[in-house]
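Colleague: Need coordinates for the below:
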Amino acid sequence: MAGKKLAVSWVTFACCEDSSIIFVELLNQHFFEWKEKIEFHYCRMLKNKNSSFDGSDVTFVEGAIATKEDEDELRMIREKSKKIVAIGSCACTGLPSAQRNQFDESTKREIMLIVERFGHLEKVHPVKDIVKVDYQVPGCPMDEKIFLDTLNKCFAEFGIH
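Modeller: Presented below is the predicted three-dimensional model:
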């Protein structure tokens, strides 16, 4: 009988998705170890057929929250995930995705039509402004060592050997 696996999801909001690329590279390097330890529940970059998000032990959230829909989706993900890990600078600090938060008033007025047309929030938020975050992996792209340390902590917390 196969051992218990960590139920993992990876979701991405407003960002350049550089941490996703690093994650795929890490999957290549650790494939034989992780295939015995990880079961992907939701991961659009790896699975062409993802059902709706139904929960995970650990959900890695990359990117900043820019729309009300993103905010609602993130709240639902938090409810259905035992642990949330903010991945990359945008998820941890909001920047650089949140650079419009720092625009002067004239520039904010100039872009308001676009912000409203696309249903964006007045400000772009890091994940921790919206939901409880259990771990953060900073960097743009994410810091590989911190990611691996965090993943190993998650394996230990969930009794995955």
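Colleague: For residue 117, see how far away the residue most central in space within the chain is.
Modeller: By CA atoms, centre = their mean, the chain has its centre lying nearest to residue 61, at 1.2 Å. Distance, residue 61 to residue 117, using CB to CB, to the nearest Å: 26 Å. (Glycine included, C-beta is placed from N, CA and C.)
Colleague: Residue 19 and residue 71, how far apart?
Modeller: Taken as CB to CB, the span from residue 19 to residue 71 is 20 Å.
Colleague: Show me which of those two is the more surrounded one.
Modeller: The neighbour count for residue 19 versus residue 71, taken as other CB atoms under 10 Å, is higher for residue 19 (27 against 17).
Colleague: which element is the more buried one on?
Modeller: helix 18-34 (DSSP states H and E).
Colleague: Run the angle between the lowest-mean-pLDDT helix or strand in the chain and helix 18-34 for me.
Modeller: For the chain, counting by mean pLDDT, DSSP states H and E, strand 38-43 ranks last in confidence among helices and strands (a mean of 90). Orientation check (axes from the mean of the first three to the mean of the last three CA atoms, to 10 degrees): strand 38-43 against helix 18-34 gives 150 degrees.
Colleague: so how far is residue 113 from the most far-flung residue of the chain relative to its centre?
Modeller: Largest separation from the mean C-alpha position in the chain: residue 106, at 32.1 Å (CA atoms, centre = their mean). Here the distance between residue 106 and residue 113 works out to 14 Å (CB to CB).
Colleague: Same question for residue 61.
Modeller: From residue 61 to residue 113 the distance is 29 Å (CB to CB).
Colleague: again, but for residue 101
Modeller: 18 Å.
Colleague: Strands of the chain, start to end?
Modeller: 6-12, 38-43, 56-62, 65-67, 81-87, 120-125, 135-137 (DSSP state E).
Colleague: Output those in JSON lines, with distance to residue 156 appended to each entry.
Modeller: Formatted as JSON lines, those follow (distance: least, CB to CB, whole Å):
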{"stretch": "strand 6-12", "distance to residue 156": "10"}
{"stretch": "strand 38-43", "distance to residue 156": "14"}
{"stretch": "strand 56-62", "distance to residue 156": "12"}
{"stretch": "strand 65-67", "distance to residue 156": "29"}
{"stretch": "strand 81-87", "distance to residue 156": "12"}
{"stretch": "strand 120-125", "distance to residue 156": "30"}
{"stretch": "strand 135-137", "distance to residue 156": "13"}
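Colleague: Thank you kindly, that will do.
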